[in-house]
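1. Predicted model, plus sequence, below.
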Amino acid sequence: MKKFVNDPNQYVPEMLTGVALANPDTLRYVPEYNLIMRADAPDDNKVSIIQGSGSGHEPAHVMSVGKGMLDAACPGDVFSAPPMDYVLETSKMLASPKGVLHLINNYTGDRMAFDMGKEMAEAEGVNIETVLVDDDVAVSDSTYTVGRRGVAGNFFVIKVVGAAAEQGADIDELVRLGNKVNSVTRTMGMALTSCTPPAKGSPLFDLGEDEMEMGVGIHGEPGRRREKLHNANEIVDELLDAVVPDLPYKQGDDVALMINGLGGTPISELYLLYGHAHEQLEARGMHVRRNYVGEYCTSLDMAGASLTLVKLDDEIVNGLAAPAETAIRTF
Amino acid sequence: MKKFVNDPNQYVPEMLTGVALANPDTLRYVPEYNLIMRADAPDDNKVSIIQGSGSGHEPAHVMSVGKGMLDAACPGDVFSAPPMDYVLETSKMLASPKGVLHLINNYTGDRMAFDMGKEMAEAEGVNIETVLVDDDVAVSDSTYTVGRRGVAGNFFVIKVVGAAAEQGADIDELVRLGNKVNSVTRTMGMALTSCTPPAKGSPLFDLGEDEMEMGVGIHGEPGRRREKLHNANEIVDELLDAVVPDLPYKQGDDVALMINGLGGTPISELYLLYGHAHEQLEARGMHVRRNYVGEYCTSLDMAGASLTLVKLDDEIVNGLAAPAETAIRTF
Amino acid sequence: MTEQLLPSVEFVVKTLAHTAIENEKYFGDLDAVVGDGDFGYSLARGFELVERDWDSFDRTDASTFLKKVAVVITSRIGGTSGPLWGTAFLRAATVAAGKSEGDAGTAVAMLRAAIEGIEARGNASLGDKTLLDALAPATDEIAHQAELGSDGPTTVRAAAGVARESADETAKLQAKRGRVAYTGERSIGSVDPGAVGVAVMFEALADTWPAHFEGKTA
Amino acid sequence: MTEQLLPSVEFVVKTLAHTAIENEKYFGDLDAVVGDGDFGYSLARGFELVERDWDSFDRTDASTFLKKVAVVITSRIGGTSGPLWGTAFLRAATVAAGKSEGDAGTAVAMLRAAIEGIEARGNASLGDKTLLDALAPATDEIAHQAELGSDGPTTVRAAAGVARESADETAKLQAKRGRVAYTGERSIGSVDPGAVGVAVMFEALADTWPAHFEGKTA
Ligand SMILES: Nc1ncnc2c1ncn2[C@@H]1O[C@H](COP(=O)(O)OP(=O)(O)O)[C@@H](O)[C@H]1O
Ligand SMILES: Nc1ncnc2c1ncn2[C@@H]1O[C@H](COP(=O)(O)OP(=O)(O)O)[C@@H](O)[C@H]1O
Ligand SMILES: [Mg+2]
Ligand SMILES: [Mg+2]
Ligand SMILES: [Mg+2]
Ligand SMILES: [Mg+2]
């Protein structure tokens, strides 16, 4: 396993320790619950926004804690939803008279942990509402599954809801906004390589030297289909052909375009993908009004990328353009 | 080769196209010279700061163009210094009455290209000064080599000089500042894996599953020595033991600490490394006053990291803390 | 065949904990075939806590004891398994309430309650390719052996056989619940890790049961 | 043995260009052993431009022609090789100035000027494990063959032999210039890509020389 790791069981706590040490003034770390929270939270005049989900997707979600973003994150182990206890204690610690918003990525484990945690926190008097994120078009919504998965589009929900919360919006308004952003956001990802969870120590699946996995999940779940490796432009076209007709995004639409790296892909390649995606969207009559290129929601060290579109209106653009701070700073 | 690539010969131009499309209002792209420049440069009241170097190190250096950073970058092909022509034309296009500063990473090819380009641009009336960056302690400065290499510490020189240039500092002042920052900056890197240049299509070197390369160069050059793979804390200790005594950094020093990812290492691992490095420095009596965790200077898709220390004084801290904008934006 | 309930329950939980910890890698590998590979890790970390806190659990009666185990599991195991396994222990505890002795019939009632809990929590049914597909037939087999009047070791061994067979059969099913359901038809051909986990645990019980209850069973 | 200089120079440059492009992968692999792997790529991209602009080069005389080639190489090849090779062509052009005919002595003078240019630009000497370690002995061999009165094909073939031998010998040297010098002792054991490049080019010249100048040489 070619990774920086000490004891695999301490991978998440050691990472969180690093995040906390890098942000001594703005963040608070509560090791018992893998909890990273804004040092100034909860704020009586602001709804607290919480996210859980498994680790291994950094900067999602624990590094998205900060002004105008999340108030707290309580990630589980790598690729595992947080235990119910983390959700319960985090909800209690972040309780605000204006309420607590659970932003949940739509996975069975996450939903169970948050459902149970919500029930128990409500029993202790915390007012909680829920927004589900499920932007992944790779998964068809059937009566059998828990529905589409939440992936990189999660960023847009956090950003817009976080901005509104910062401006004092009520919890119902945040639920409306969050559901709205989620409803116009679609993502599809693909992998060039597998990823290696520290506790497993070997790749989750095997991909041949000339293969790629279309529609891969961010936990290394196999996707829609395995294909022969294509060149960069063909891959972008394939992702666009899955994402664009899904909403559908139409000629004349203003959109935000995100090219998200899955962890092992260098930013040079992401910009190469971005260039073609941008040109293709403009050629289809859409206007790329905002763009996002980099790592937002990863799958450990997986080489690969996802493409997200958000249909924009002024309300969403304002939320996206509002100032924000996160635990990861370039400067 | 598991990469997003179309024609390997078009890798750099296609990446630059993406960067330009993502920054339509702030950047200008001149394809003939791989040139990315601020749309508002040159500014008669500001020294223009230029950097070249090979590609494959993104975000260095082409994605560091922006207010308070570089005015232009004219990268060569992957791992190749730019042709002299690029330097000449970029210097002419960025010519300002206040002068042009060449920030050069100390490699034979870069120095030759910039030396020749400077001579020819000066012959056409451009006023040029030079600052060399050579922060890599892995390479011992001997009469044989061109000296230490310039690696991730380059960021700090750009940031401080860029901030001063933005405030109208003269070129001599910038040279002084640049040399000063470089003189208190030291870096050492190590690789867990090799990297794959698109035109080569296979890894530059082989590293066994249980090996790592200490002191690796950012072009995949072998480093000080090949070792058995160690755990994360041991690796950090080894990097600190190379960097700290070199300046030396001493008890009581205020320092900036950077953990830079080499391209294939996820940010979760970088924060894990950061946590231990921070704790070790504090244990040695140094105070980590600013921190930087992420990708600043990469080696394509190499898994690995480098550790940089900068000894701080108020002048340097002010430059580091000054606002800046770059071609890569998270929001 | 009636026995003190608490020691039996303690023995079962201890065996499950031991088995979960011992099989961490195996269970993880099973989950990596089409899942996300964390099943072994989640279960092992949770049951490690059960072992760690073992001596501190309130042992007023079997029900109280099981509730404490359920709380540790529900609170501290992440992933899908924490809520599912925790709920199962909690429901079994409810059935055990007020009972100090038990027989095969008690075991069946506790297991059926656990199954209903998993169905409710996971919104899952038999045939969805989950741990239920081993747990439910194994439970039916215990009921069947009780009707036949079999002794403890025979009953547990028979249940283990059925659990293993049923777990192997899950390879033919398409997953309809959990993370693996996303892969649709590609889930066909590999066994469900949860179901295999149940089978391995029943086998561990079958292997140790006779030694433990030697002389105590009918 | 005196010939028109321009056609000979054109022939040499064309052969070098062809060889550089054909051997892109080989030269790159050599540079990847301890270097950064771009030597083949840099050279190929530069000489591709030479081929592309071939017809447009001013052919007033050999010197003008070589200067144009030098400008393309210096301006458009990156890495260390652009400045080094460009300087070499430029210096050779200077020696050729005013000459319309040439012999082996002219070739030696042009090559010695190129060598001095590389030494100056690269701050390198013989034995530093660079292309000089093939180019300088091969040049000496041409001078030697000229003294012996050998014909063109014999001279070029002899120079190619020496270049190849010398290039192979670089494996014993520790690099003192260029990127590879950073690796210190670890550079010992592998040949210098630049030196091998020079040898391969001399061999290509030796292979094609007789056919080209058939009947024209003494
Ligand atoms: N909705 C569900 N209902 C019942 N059992 C389920 C459900 N989802 C998953 N399982 C069981 O849990 C096992 C996977 O557990 P685990 O790996 O912890 O979950 P996750 O998918 O969150 O990683 C599956 O093999 C299956 O037996
Ligand atoms: N300072 C120097 N002087 C002369 N020749 C050099 C020097 N540095 C490198 N070389 C030659 O150039 C070759 C490498 O070229 P190239 O790969 O383009 O350079 P880079 O190291 O910049 O990638 C070496 O094999 C050597 O023959
Ligand atoms: Mg999981
Ligand atoms: Mg190079
Ligand atoms: Mg799992
Ligand atoms: Mg090279």
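-> Thanks, I have it. Ligands and ions are numbered 1, 2, ... in the order given.
2. I figured A:I104 was touching A:I128, is that so?
-> No. Look at A:I104 against A:I128 with Cβ atoms under 8 Å: they stay out of range, at 11.0 Å. The C-beta positions use only the backbone N, C-alpha and C, and glycine is treated the same way.
3. and these two? which has more neighbours close in?
-> A:I104 (25 against 20; other Cβ atoms under 10 Å in any protein chain shown).
4. Skipping adjacent residues, who's closest to that one in space?
-> A:F114 (5.0 Å; Cβ to Cβ, 6 or more residues apart in numbering or on different chains).
5. Please give me every residue in contact with that neighbour.
-> Neighbouring residues of A:F114 by Cβ atoms under 8 Å, 6 or more residues apart in numbering or on different chains: A:52, A:87, A:102, A:104, A:130.
6. Separate out the buried members of those.
-> A:52, A:87, A:102, A:104 (16 or more other Cβ atoms under 10 Å in any protein chain shown).
7. where does the third one land in three-state SS?
-> Here A:H102 is recorded as strand under DSSP: H, G, I helix; E, B strand; the rest coil.
8. Strands of the chain, start to end?
-> Defaulting to chain A. A:27-30, A:35-38, A:48-51, A:72-73, A:100-105, A:128-133, A:185-191, A:211-214, A:225-228, A:254-261, A:287-294, A:304-311 (DSSP state E).
9. Hmm, no, I was thinking of chain C.
-> C:3-4, C:101-102.
10. Not counting sequence-adjacent ones, nearest residue to residue 168?
-> Because you didn't say which chain, this covers chain A. A:N45 (6.1 Å).
11. To clarify, I was referring to chain C.
-> C:V191 (6.4 Å).
12. Pick out the residue of the stretch 51-200 of chain A closest to ligand 6.
-> A:L192 (26.2 Å; Cβ to the ion).
13. that older thread, so which of the strands of chain A comes closest to D:I21?
-> D:I21 lies closest to strand A:225-228 among these, at 29.2 Å (Cβ to Cβ).
14. Let me see the contact set for the residue in chain C sticking out farthest from the centre.
-> Largest separation from the mean C-alpha position in chain C: C:E185, at 26.7 Å (Cα atoms, centre = their mean). Residues near C:E185 by Cβ under 8 Å, 6+ apart: C:Q174.
15. now swap in the one 5 residues further on and tell me
-> C:S190 makes contact with C:30, C:33-34, C:171, according to Cβ under 8 Å, 6+ apart.
16. With C:V50 instead?
-> Each residue near C:V50 by Cβ under 8 Å, 6+ apart is listed here: C:13, C:17, C:69, C:72-73.
17. what separates it from C:T130, distance-wise?
-> C:V50 is 22 Å from C:T130, where distance means Cβ to Cβ, to the nearest Å.
18. Repeat that for C:A159.
-> 18 Å.
19. what does C:S75 give?
-> 22 Å.
20. Mind checking which of those two has more residues around it?
-> C:T130 (30 against 21).
21. isn't that one right next to C:V196, touching?
-> No. Using Cβ under 8 Å, C:T130 is not in contact with C:V196, being 11.4 Å away.
22. Show me where the stretch 1-150 of chain A has its helices.
-> Listed in chain order, the helices of the stretch 1-150 of chain A (DSSP state H, counting those that start in this stretch) span A:11-22, A:84-93, A:108-123.
23. Is there contact, residue-wise, from the last one to ligand 1?
-> This points to helix A:108-123. Yes. Judged by Cβ under 6 Å from any ligand atom, helix A:108-123 and ligand 1 are in contact via A:108-109.
24. Next, the angle strand A:128-133 makes with that helix.
-> 160 degrees (axes from the mean of the first three to the mean of the last three Cα atoms, to 10 degrees).
25. Buried residues in helix A:108-123, which are they?
-> Buried-residue list, helix A:108-123, by 16+ other Cβ under 10 Å: A:108-118, A:120-121.
26. Alpha carbons of that helix, as CSV, please.
-> Presented in CSV, the C-alpha positions along helix A:108-123 are these (Å, rounded to 0.1, in the frame of the first residue of the first chain):
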residue,chain,number,x,y,z
THR,A,108,-28.6,3.7,3.3
GLY,A,109,-26.0,3.9,6.2
ASP,A,110,-26.0,7.7,6.3
ARG,A,111,-29.8,7.9,6.3
MET,A,112,-30.1,5.3,9.1
ALA,A,113,-27.5,7.0,11.3
PHE,A,114,-29.1,10.4,10.7
ASP,A,115,-32.7,9.1,11.1
MET,A,116,-31.8,7.5,14.4
GLY,A,117,-29.7,10.4,15.6
LYS,A,118,-32.4,12.9,14.7
GLU,A,119,-35.1,11.0,16.6
MET,A,120,-33.0,10.8,19.7
ALA,A,121,-31.8,14.5,19.5
GLU,A,122,-35.4,15.6,18.9
ALA,A,123,-36.4,13.7,22.0
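27. So for it, mean pLDDT?
-> Averaging pLDDT along helix A:108-123 yields 91.
28. swap in the second one?
-> For helix A:84-93, mean pLDDT rounds to 96.
29. List the contacts of it.
-> So helix A:84-93 is in contact with A:30, A:32-35, A:37, A:42, A:50, A:52, A:72, A:74, A:76, A:100, A:102, A:112-114, A:116-118, A:120-121, A:124, A:126, A:128, C:74-76, C:78, C:82-83, C:86, going by Cβ under 8 Å, 6+ apart.
30. just the first one next, same as before
-> Contact with helix A:11-22 is made by A:5-6, A:27-29, A:31, A:34, A:36, A:55, A:58, A:62-63, A:75-78, A:198-199, A:327, B:232, B:268-276, B:278-279, B:288, B:291, B:293, as judged by Cβ under 8 Å, 6+ apart.
31. Any idea how far it is from the middle of the chain?
-> Its chain's C-alpha centre and that of helix A:11-22 lie 19 Å apart, by Cα atoms, centre = their mean, to the nearest Å.
32. Pull out the buried residues from that helix.
-> Neighbour-count burial for helix A:11-22 [16+ other Cβ under 10 Å]: A:11-22.
33. okay, it in PDB with CA atoms only?
-> Coordinates of each C-alpha in helix A:11-22 appear next as PDB, following Å, rounded to 0.1, in the frame of the first residue of the first chain:
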ATOM      1  CA  TYR A  11      -6.200   7.300   9.800                       C
ATOM      2  CA  VAL A  12      -9.300   9.500  10.300                       C
ATOM      3  CA  PRO A  13      -8.400  10.800  13.800                       C
ATOM      4  CA  GLU A  14      -4.900  11.700  12.700                       C
ATOM      5  CA  MET A  15      -6.200  13.500   9.600                       C
ATOM      6  CA  LEU A  16      -8.700  15.400  11.800                       C
ATOM      7  CA  THR A  17      -5.900  16.300  14.200                       C
ATOM      8  CA  GLY A  18      -4.000  17.800  11.300                       C
ATOM      9  CA  VAL A  19      -7.100  19.800  10.200                       C
ATOM     10  CA  ALA A  20      -7.500  21.100  13.700                       C
ATOM     11  CA  LEU A  21      -3.900  22.100  14.200                       C
ATOM     12  CA  ALA A  22      -4.000  23.900  10.800                       C
END
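34. Just the angle for that helix relative to strand B:254-261, thanks.
-> 140 degrees.
35. Also the shortest one?
-> Here the directions of helix A:84-93 and strand B:254-261 differ by 140 degrees (the same axes, to 10 degrees).
36. Is any residue of helix A:84-93 near ligand 1?
-> No. Judged by Cβ under 6 Å from any ligand atom, helix A:84-93 stays clear of ligand 1, getting no closer than 13.2 Å.
37. buried ones in that helix?
-> Buried residues in helix A:84-93 (16+ other Cβ under 10 Å): A:84-91, A:93.
38. could the residues you listed go into JSON lines alongside distance to ligand 4?
-> Shown next, in JSON lines, are the buried residues of helix A:84-93 (distance: Cβ to the ion, whole Å):
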{"residue": "A:M84", "distance to ligand 4": "55"}
{"residue": "A:D85", "distance to ligand 4": "54"}
{"residue": "A:Y86", "distance to ligand 4": "49"}
{"residue": "A:V87", "distance to ligand 4": "52"}
{"residue": "A:L88", "distance to ligand 4": "56"}
{"residue": "A:E89", "distance to ligand 4": "54"}
{"residue": "A:T90", "distance to ligand 4": "50"}
{"residue": "A:S91", "distance to ligand 4": "55"}
{"residue": "A:M93", "distance to ligand 4": "53"}
